[in-house]
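# Give me a 3D structure for the following:
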Amino acid sequence: MVTIALGGRAGGHAIVDADDYNNISIIKKYSWSVDGHGYARISLKKRTVLLHRLVMGNPKGHVHHKNGCLLDNRKANLEVLSHKQHLRQHWQEKRLITAQEFEIIKNEFRPYKVTVKQLSEKYGVPYKRLVNLIKKRALYHPLE
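Prediction:
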């Protein structure tokens, strides 16, 4: 494992496998920084190169960080997913809900009787997500 110092305001370090660090010359050659989404990146000839995609050989699908750490670019932490698989993965992580689930929860919500916190715990949906749904600031995410 090799750590790469990152420039820019955010700074920090990215992690790659020693083999990738030694075999992919672009990793050593340039100064990396963190973009606004939290990924390690460089700009080459007006193109952004993302470290996690470079390590995986720039595949057609989405490159997903299994442990959620966007700066951990070891191959054991990366997997290539289709767009649909990637949506499902994040749906499970964020516990987005379907329209049918939302209707059930919304019908159960009664201010001062059944609280958002109680519904959050009962259905395993993050508290803030339910608050936003009930206040109509966010939408459900149907995957079907």
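# Could you chop this protein up by domain?
2-82, 95-134 (automatic domain parsing).
# Dump those domains to JSON lines, plus mean neighbour count and mean pLDDT.
Quick note: C-beta positions are derived from backbone N, CA and C, even for glycine. Output for those, formatted as JSON lines (neighbours: other Cβ atoms under 10 Å; pLDDT from 0 to 100):
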{"stretch": "domain 2-82", "mean neighbour count": "15", "mean pLDDT": "89"}
{"stretch": "domain 95-134", "mean neighbour count": "14", "mean pLDDT": "73"}
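# Which stretch among the ones you listed approaches Gln89 most closely?
domain 2-82 (6.0 Å; Cβ to Cβ).
# so where does the residue nearest the centre of the chain fall, helix or strand?
In the chain, the centroid-proximal residue (Cα atoms, centre = their mean) is Gly68; its distance is 6.1 Å. Here Gly68 is covered by no helix or strand, with elements defined by DSSP states H and E.
# could I get the domains of the chain as TSV with distance to Arg88?
TSV is the format used below for these (distance: least, Cβ to Cβ, whole Å):
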stretch	distance to Arg88
domain 2-82	8
domain 95-134	10
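# Which residue ranges of the chain form strands?
2-7, 13-16, 32-34, 40-44, 47-50, 62-65, 78-81 (DSSP state E).
# Output these in JSON lines; the columns should cover distance to Asn23.
Below are the strands of the chain laid out as JSON lines (distance: least, Cβ to Cβ, whole Å):
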{"stretch": "strand 2-7", "distance to Asn23": "12"}
{"stretch": "strand 13-16", "distance to Asn23": "10"}
{"stretch": "strand 32-34", "distance to Asn23": "17"}
{"stretch": "strand 40-44", "distance to Asn23": "17"}
{"stretch": "strand 47-50", "distance to Asn23": "16"}
{"stretch": "strand 62-65", "distance to Asn23": "18"}
{"stretch": "strand 78-81", "distance to Asn23": "16"}
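# I am finished for the moment; much appreciated.
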